[in-house]
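>>> Any chance you can model this:
(one chain, ligands or ions: 3)
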Amino acid sequence: MRRAHTVEQVRAAESALMARLPDGALMQRAAYGLALAVSDFLGGAYGRRVLLLVGSGDNGGDALYAGAVLARRGAGVEAWLLGDHVHEQGLAALRAAGGRVERPAARREAAAGTLLGPRPDVVVDGIVGIGGRPGLRASALEALAALRGVPVVAVDTPSGIDVDTGELPSSQQGAQRSSAQDADRHVRADLTVTFGTLKPAHLVDPAAAACGSVHLVDIGLAADLPTATIEALQPADVTALIPRPTQDAHKYTRGVVGIRAGSSSYPGAGLLSVAGAATGLAGMVRYVGDQAVADRVREAHPEVVGEGRVQAWVVGSGGGEEAGDHLRAALTDGVSTLVDADALAHLTTTDHEHAPLVLTPHAGELSAMTGAPRAEIESAPLRHARAAAERYRAVVLLKGRHTLVAHPDGRVRVTTTGTPWLATAGAGDVLGGVIGALLAAGLDAFDAASVGSWLHGAAATLASGGGPITAGDVAPAVPRVVADLLT
Ligand SMILES: NC(=O)C1=CN([C@@H]2O[C@H](COP(=O)(O)OP(=O)(O)OC[C@H]3O[C@@H](n4cnc5c(N)ncnc54)[C@H](O)[C@@H]3O)[C@@H](O)[C@H]2O)[C@@H](O)CC1
Ligand SMILES: Nc1ncnc2c1ncn2[C@@H]1O[C@H](COP(=O)(O)OP(=O)(O)O)[C@@H](O)[C@H]1O
Ligand SMILES: [K+]
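Residues are numbered from 1 along each chain as shown. Ligands and ions are numbered 1, 2, ... in the order given. Next comes the predicted model:
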């Protein structure tokens, strides 16, 4: 499991650990790990040009100490001091190692609108870390503008993002805005090197998308950290959770999933939903719906049967006008029910009393359910997914690049598998089917949604192989992903 802790949790754990360690030891661990990661990023330190952007706090201190390590290994290191203060010991260490320090350089370079000296091989963003408020000051924005195009390694977090929420600084904070940079008011990194534990912004979009790849440096914090509320499943976690048949299993002990999806207007959604369910994770699949769709389903999946008892329902994908009736019919069974697409509009905040629910909206569907504008949901998905889970007393899976699975008790799992090629019509229908099969096989709503989403993303990546896919390519790859995990 990869876990993310809030700033408050990290600060508490760090002070507990620091009380047992000599002064500065923790920063030395962080800085050394950072220096190694920068060196790996560059394919070695010797002869490389490293530019440090240094703010006034400990984040700048990390950058300065790491710069000293890199300078001793033969890198040409220059630091631009952007804050009112600077970490003095870190500065002394960099100077002693032969690094150059420029106080007003950022402004001089920015005035020229470009770099005056040779182009660095990497920028190390030590402007702010977990102590930063969202947004950046003009001096930082100007420095970044002058360095546009140079790869960036962020120290702890890309500066300017909101660490606890994963949100980006809002465009209304334009007071400190510089003409040098009109779009982003935060750093966009190629690599983010963080310490001790992940923070929410490393997993949660839109900030996670500004982190690039994330490298975690062990500074010995684990024992002092509390239980995390935000986590990302890893292959070993998924392997442990996948339901597998016992030696004496029969199809009913493995669970039966029922699909009430597709309609005469959207027959394909029924087929794709069944395809997701019929990946072998449950013992049997039933289809209930439009006769013409049912005929096509049985043509494509001869093993699928008609109405009868089920352990879980999937309702709504392409359900059209019948989606509301199907939802009511499914809920009378009192079994775990996944509610997608057209059925979401018919859901009430008391439906959780009938059955454990998994809701699978994208931002547009969640907007229709709650009245929050779509753009607002996309800029604060964590807040909105949690609020919806609480409101409907249901597990809410909010789809996106990093899909969020929110439990009404506040826990959140983030899906980090997948590929942008998965953003294709019908992919969500397949996802509903996969999760429905896991519900029928006995996983609880939170595990089924998060494991199903993980498998769906991994199957898309496998099917894609780096190239385009359609929704129909995803389900056939699910059994191979599961086999790879189990063997
Ligand atoms: N606390 C610890 O024990 C450890 C901290 N470490 C590093 O220390 C960092 C936290 O250091 P700090 O608490 O000093 O905080 P930061 O260095 O993140 O930032 C605080 C400083 O930045 C200023 N500031 C805040 N928002 C700003 C903005 N938007 N633009 C410009 N300046 C802004 C503040 O006035 C303050 O002076 C971590 O992110 C990590 O890099 C590591 O060395 C590991 C150990
Ligand atoms: N940029 C992206 N990267 C990875 N996966 C994505 C991206 N955008 C969307 N997805 C995934 O693609 C699927 C799209 O589902 P959905 O929006 O319901 O489409 P549809 O209704 O056409 O089936 C979801 O699983 C979502 O998480
Ligand atoms: K930073």
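
>>> Verify the contact between residue 212 and residue 190 for me.
Yes: Residue 212 is within contact range of residue 190, at 4.3 Å (criterion: C-beta atoms under 8 Å). All C-beta atoms are positioned from the backbone trio N, CA, C, and that covers glycine.

>>> Among the two, which residue is more densely surrounded?
Neighbours were counted for residue 212 and for residue 190 using other C-beta atoms under 10 Å; residue 212 has more, 18 against 15.

>>> Touching, residue 354 and residue 331? I think so.
Yes: judged on C-beta under 8 Å, residue 354 makes contact with residue 331 at a distance of 4.2 Å.

>>> Which residues are in contact with each of the two?
residue 337 (C-beta atoms under 8 Å, 6 or more residues apart in numbering).

>>> And those two? Which one has more around it.
When residue 354 and residue 331 are compared for neighbours, residue 331 comes out ahead with 21 against 16, by other C-beta under 10 Å.

>>> What does the more buried one show for phi and psi?
Torsion angles at residue 331 (phi, psi; degrees, to the nearest 10) stand at phi -70, psi -30.

>>> again with residue 284
With angles defined as degrees, to the nearest 10, residue 284 sits at phi -160, psi 150.

>>> That one contacts residue 252, correct?
Yes: in this structure residue 284 lies within contact range of residue 252 using C-beta under 8 Å: 7.4 Å.

>>> Neighbour count for those two, which is higher?
Legend: neighbour count by other C-beta under 10 Å for residue 284 and residue 252, higher for residue 284 (22 against 11).

>>> bridging residues for that one?
residue 256 (DSSP bridges).

>>> quick one, what contacts it?
Residue 284 sits next to 251-252, 254-257, 303, 305 when contact means C-beta under 8 Å, 6+ apart.

>>> Okay, it and ligand 2: tell me how far apart.
24 Å (C-beta to the nearest ligand atom, to the nearest Å).

>>> can you check residue 136 too?
Residue 136 is 26 Å from ligand 2, by C-beta to the nearest ligand atom.

>>> got it, and residue 227?
Taking C-beta to the nearest ligand atom as the measure, residue 227 and ligand 2 are separated by 26 Å.

>>> where's that residue, which helix or strand?
Assigned by DSSP states H and E, residue 227 belongs to no helix or strand.

>>> mind showing which ranges of this structure have poor pLDDT?
The chain contains residues with pLDDT under 70 at 104-106, 113, 171-183.

>>> Spell out which residues of it are next to ligand 3.
Residues of the chain lying close to ligand 3 (C-beta under 5 Å from the ion) are 125, 129, 154-155, 159.

>>> can you put those in a markdown table and add secondary structure, neighbour count and distance to ligand 1?
A markdown table is the format used below for the residues of the chain next to ligand 3 (DSSP: H, G, I helix; E, B strand; the rest coil; neighbours: other C-beta atoms under 10 Å; distance: C-beta to the nearest ligand atom, whole Å):
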| residue | secondary structure | neighbour count | distance to ligand 1 |
| --- | --- | --- | --- |
| 125 | strand | 34 | 10 |
| 129 | coil | 28 | 2 |
| 154 | strand | 32 | 10 |
| 155 | strand | 34 | 5 |
| 159 | coil | 29 | 7 |
